[in-house]
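need the 3D shape of this:
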Amino acid sequence: MQLLKTATADTVANYLKTRLVQLGVQDLFGVAGNYAAPFLDTVLADPAQYIQLLGTTTEMNAGYAADAYARYHGYGGAFVTYGVGSFSILNATAGSFVEKVPVLVINGAPTNKEDNIEKNAGLLFSHSTGNKFADIEMFRKVTIAAERITNANLAPFQIDKVITAMIAYQQPGYIEVAEDVWRSPCPPPKGRLKVNPALTTSVSEVKAAVDAAMEVISCFPKVVAWAGIELRQQKLTAEFEQLLEQLNKLVPKDEAAIQFVTSFMSKSVMAEDHPRFDSCRVIEKNLTSEVIPDYCLLGIGGWTVDANVASQNIRDERLILACNGGVLVGAEFFPTVALPDFIDELTQRLRHQNGLSLKGAVLKPLPVPNLGKALTFDTFFHALQQGWKPEYILLSGVGFTLSIASYLRGVAQNGYLTDGVWLSIGYPVGAATGVAQACKRAAATKGQDKRTFVVIGDGAFQEVCQAVSDHNYHQQNNVIFVLSNTIYGIEQFLVNPNPFREKPTDYEPPNQILNTVYSYNDLHQWDYVKLAESFGSIGIKVSTLEEMEHAMCMIEDHLDRNFLIEIVVPKTDIPADLLAVTPYVGEDETANANWPPASKF
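Numbering: from 1, shown residues only. Take a look at the predicted model:
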């Protein structure tokens, strides 16, 4: 116990803990290691017990959990140990970096003495590659700031630098501390870290961007508003609603109202029972010039990333896109315009606009799901829809489930999450740990009782199945639906959609391989019910719609339990909106079906 008491003094470890408390971080996720133990001891010894340490089965699951926790709680943190731990969490940290999620990765490193012995005697210590900068060099590429702390005198400045950058840019940070430095004395933090958000460099730049936007709106008065992910990140949904209201004040009574759409990334940034929400939300499928020749797309905080626009270039003279600290209007770019300033100035300009008549665009609906009597991707989601409640949160995988999850309607504000840019398969299962913990914290202070649901393919689930153990260990009541078609369906679809077509092309030799799912996309069939029971969950196998209905009743009857439910769907089943594009030739198909390619050897 003397060790723990010492750790609570004015040390480097306590300095970092205090800064995390000031950030509002109440939970840290990770896998313990001796290099980080002095910091973990400090957290445990805190009599206030403000921060809880939540162990996870793998470092990658810790990274996913910390990422999702930050999205719902503000800031997140994960603890790992040098080399074997930090290398494992790198994938999750990269996702946080590209999707702008402020997660602090805390890495314990070998002592200064061990570093010197390694350098001079050639002795490799645990988890070391021999390059003492290997870890930090990796994380510098996927964090906004990274520091290696080997001197307690410099620790306060290095810690504050990383956390300040995290606050300012809302991206991950990395702090690596030598084991013998954690307990070294250093001054306590002075006050709180205060950072002004990114501000517009000049008022004239904002006005110029709005001038350009108004010119586009005047030329193309049929407006579609795109509510993007930054509305949630920057807490600007109320300002967006005011802008939408002002746009509709310029719409004559006999014209269609201006509605807003979302996208894979931004689903549920606004509540889906909003009267201005349009059920069409996939930008690429519904907002092409062929469908609406003269519309104006007003993107507020949306990202033109692959999953959002299905790899299509939607930039043209009708596009207004405010995001990433700048505004793109047609071919003009205004690089230093903060999103809040642009929304406010555009709203004010519309409020004083005379003689401008706008109208809403009637968008082409999404393909209608095939709701037969068999259990398929489409009928599963239809059944899920029947039992959906506003207090549920949906976490979607990034394969077929990413496509079909958009059909779920009535999702509450912030009731949906996916890693729609990084697209790391397996993310939602680990992320559920963080979402559930953040919701538990919110329930304690705000009385918001939420339940986390995950919908994921079996290939993605098999990468991170250990996270279900975390759910049970931390007494969470999550529900995991595993869509089991025994293949990596999305990988097959991207290169050769032929097996999924309603009437597949019958390729003759030597191209007959195009007729079936490739063997490298096949998966081993697991017994998910037994797996669930081994983790402590209630396991259910669902093969029919009747069994699905029973499963939903079971979920509702056991509000405090964790569920792992296998949904058995046909091997070559596919969601309706993807089925609609299977006639297009796949990457492995050519006009002459010249496949396979001739060997070069």
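
only the buried residues of the longest helix along the chain, if you could.
Ordering each helix of the chain by length in residues (DSSP state H) puts helix 427-446 first. Residues 427-441 are the ones in helix 427-446 that count as buried (16 or more other C-beta atoms under 10 Å). C-beta coordinates here come from the backbone N, C-alpha and C atoms, glycine included.

likewise for stretch 531-544?
531, 532, 535, 537, 538, 539, 540, 541, 542.

now the terminal residues of that stretch, how far apart.
Using C-alpha to C-alpha, to the nearest Å, the end-to-end distance of stretch 531-544 comes to 21 Å.

also stretch 65-83?
First-to-last residue span, stretch 65-83, C-alpha to C-alpha: 20 Å.

buried set for it?
Those would be 65-73, 75-83, for stretch 65-83 by 16+ other C-beta under 10 Å.

kindly report the same for stretch 383-390.
Under the neighbour-count criterion of 16+ other C-beta under 10 Å, stretch 383-390 has 383, 384, 388 buried.

my guess is the first one meets residue 545, correct?
Yes - assessed by C-beta atoms under 8 Å, residue 383 is found in contact with residue 545 at 6.1 Å.

just to revisit the earlier point, mind listing which of the buried residues of stretch 65-83 are in helices?
65, 66, 67, 68, 69, 70, 71, 72, 73.

now the strand or helix carrying residue 63: mean pLDDT?
Assigned by DSSP states H and E, residue 63 belongs to helix 59-73. The average pLDDT for helix 59-73 rounds to 98.

packing partners of that helix?
If contacts are counted by 3 or more C-beta pairs under 8 Å, 6 or more residues apart in numbering; DSSP states H and E, helix 59-73 sits against strand 27-30, strand 76-81, helix 84-98, strand 103-109, helix 427-446, helix 458-464, helix 467-473.

tell me the contacts of the closest residue in space to residue 132 that isn't next to it in sequence?
Distances taken as C-beta to C-beta, 6 or more residues apart in numbering put residue 115 closest to residue 132, at 5.4 Å, once the chain neighbours are dropped. Contacts for residue 115 were tallied using C-beta atoms under 8 Å, 6 or more residues apart in numbering; they are 132, 150, 178.

and the nearest residue to residue 425 once chain neighbours are set aside, what is it in contact with?
Nearest non-adjacent residue to residue 425, counting by C-beta to C-beta, 6+ apart: residue 460, 3.7 Å away. Contacts for residue 460 were tallied using C-beta under 8 Å, 6+ apart; they are 397, 398, 399, 425, 426, 427, 428, 429.

greatest separation within those residues: which pair is it?
By the measure C-beta to C-beta, 399 and 429 form the most distant pair in the contacts of residue 460, at 13.2 Å.

ok, and the closest non-adjacent residue to residue 177?
In space, residue 177 comes closest to residue 149 once its chain neighbours are excluded; the distance is 4.6 Å by C-beta to C-beta, 6+ apart.

okay, now the one you found: neighbour count?
23 (other C-beta atoms under 10 Å).

can you tell me how far it is from residue 176?
7 Å (C-beta to C-beta, to the nearest Å).

and if you look at residue 109?
Taking C-beta to C-beta as the measure, residue 109 falls 5 Å from residue 176.

more neighbours, these two?
residue 109 (28 against 25).

residues touching that one, list them.
Taking C-beta under 8 Å, 6+ apart as the test, what residue 109 contacts is 35, 82, 132, 135, 148, 176, 177, 178, 179.

let's see it at 6 Å
Residues counted as contacts of residue 109 (C-beta atoms under 6 Å, 6 or more residues apart in numbering) are 35, 82, 176, 178.

hmm, back to that, closest one of the ones in helices among the buried residues of stretch 65-83 to residue 97?
Of those, the one sitting nearest to residue 97 (C-beta to C-beta) turns out to be residue 67, at 10.0 Å.

need the contact list for the closest one.
96, 101, 103.

could you dump those into CSV with pLDDT, neighbour count and distance to residue 523 added?
CSV is the format used below for those (pLDDT from 0 to 100; neighbours: other C-beta atoms under 10 Å; distance: C-beta to C-beta, whole Å):
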residue, pLDDT, neighbour count, distance to residue 523
96, 98, 29, 28
101, 98, 23, 30
103, 98, 32, 30
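
from those residues, pick the one nearest residue 257.
Nearest to residue 257 among these: residue 101, at 33.9 Å, using C-beta to C-beta.

my read is that that closest one contacts residue 70, right?
Yes - with contact defined as C-beta atoms under 6 Å, residue 101 counts as touching residue 70 (5.1 Å).

so residue 578, which state does it fall into?
helix (DSSP: H, G, I helix; E, B strand; the rest coil).

so who does the spatially closest residue to it that is not a sequence neighbour touch?
Nearest residue to residue 578, sequence neighbours excluded (C-beta to C-beta, 6+ apart): residue 403, at 5.4 Å. Going by C-beta under 6 Å, 6+ apart, residue 403 touches 575, 577, 578.

and the gap between residue 403 and residue 367?
10 Å.

hey, what's in contact with both of the two?
Residues touching both residue 403 and residue 367 (C-beta under 6 Å, 6+ apart): residue 577.

that older thread, what is the nearest of the contacts of residue 460 to residue 13?
residue 427 (30.3 Å).

pLDDT score assigned to that closest one?
98.

could you number the chain from 36 rather than 1 from now on?
Sure, I'll start counting at 36 from here, so that last one is residue 462.

tell me who's in contact with it.
Residues near residue 462 by C-beta under 6 Å, 6+ apart: 99, 454.

what's the distance between it and residue 94?
Separation of residue 462 from residue 94 (C-beta to C-beta): 14 Å.

can you list the low-confidence ranges for the chain?
36-43, 152-159, 232-236, 314-328, 343, 345-346, 482, 625-636 (pLDDT under 70).

and for the residue nearest the centre of it, nearest residue in space, chain neighbours not counted?
Against the mean C-alpha coordinate of the chain, by C-alpha atoms, centre = their mean, the closest residue is residue 454 at 2.9 Å. Excluding the flanking residues, the one nearest residue 454 by C-beta to C-beta, 6+ apart is residue 462, at 4.4 Å.

from the contacts of residue 495, which is closest to residue 485?
residue 463 (15.2 Å).

next, the contact list for the closest one, please.
430, 432, 489, 491.

which helix or strand contains the last one?
Put plainly, it is residue 491. strand 486-492.

can you list the strands that that strand pairs with?
When pairing is defined by DSSP bridges, strand 486-492 lines up against strand 427-431 (parallel), strand 514-519 (parallel).

next, the angle from it to helix 462-481.
Orientation check (axes from the mean of the first three to the mean of the last three C-alpha atoms, to 10 degrees): strand 486-492 against helix 462-481 gives 170 degrees.

tell me the secondary structure for residue 347?
Classified using three-state DSSP, residue 347 is coil.

burial count for it?
14.

how far away from the center of its chain is whichever strand or helix holds residue 419?
Using DSSP H and E, residue 419 falls within helix 412-421. Distance, stretch centre to chain centre, for helix 412-421: 23 Å (C-alpha atoms, centre = their mean, to the nearest Å).

now that helix - C-alpha only, CSV.
Taking only C-alpha atoms (Å, rounded to 0.1, in the frame of the first residue of the first chain), the coordinates of helix 412-421 have been written out as CSV:
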residue,chain,number,x,y,z
PHE,A,412,-30.9,-8.9,-44.7
ASP,A,413,-34.0,-6.9,-45.7
THR,A,414,-36.6,-8.9,-43.6
PHE,A,415,-34.3,-8.9,-40.6
PHE,A,416,-34.1,-5.1,-40.6
HIS,A,417,-37.8,-4.8,-41.1
ALA,A,418,-38.3,-7.1,-38.1
LEU,A,419,-35.9,-5.0,-36.1
GLN,A,420,-37.8,-1.9,-37.1
GLN,A,421,-41.0,-3.3,-35.6
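
before I go, just wanted to say thanks for your time.
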